[in-house]
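missing the sequence, but the structure's below:
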Ligand code: FES
């Protein structure tokens, strides 16, 4: 099933919350989605929980690299430094670029409002 904007249902309290932080996600078909998030969520959880197609096999344990994204806007001080553990996992991924990150290692903060990431090739679920 390919995700579409119509497939994403926004719970009213979060969608209308002034506290929601918007994370922009470009899916595997090149469609941009504006996903509300709350501080403390992982970007991977935001992507997965809004129904976009991301494998994220290890559930956020930094053990699979199947939540690989390319940061296309917002790479800067708002993002945490790349840890050795994350860098090691990225070494196992394909299509790695200078702007590659693991979405499960990015905890949402208010400074990330407007962050844009693109799902890396090969991170689609196969089930
Ligand atoms: S979900 Fe496995 S490394 Fe991010």
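Sure, I can see it. Predicted, not measured: the structure shown is a model, and the values here were computed from it. Numbering: from 1, shown residues only.

How many neighbouring residues does residue 49 have?
13 (other CB atoms under 10 Å). In short, each C-beta sits where N, CA and C put it, glycine included.

Distance check, it against residue 60.
When distance is defined by CB to CB, to the nearest Å, residue 49 is 12 Å away from residue 60.

Strands of the chain, start to end?
Under the criterion DSSP state E, strands of the chain are mapped to 21-26, 32-37, 68-73, 100-102, 116-119.

wait, which of these is closest to the ligand?
Comparing the strands of the chain against the ligand with CB to the nearest ligand atom, the closest turns out to be strand 100-102 (4.6 Å).

who does that closest one touch, helix- and strand-wise?
strand 68-73, helix 84-90 (3 or more CB pairs under 8 Å, 6 or more residues apart in numbering; DSSP states H and E).

which of these sits most buried?
strand 68-73 (a mean of 20; mean count of other CB atoms under 10 Å).

Give me the contacts around it.
Outside strand 68-73, the residues that touch it by CB atoms under 8 Å, 6 or more residues apart in numbering are 24-26, 43, 47, 79, 90, 93, 95-97, 99-103, 114-120, 122-123.
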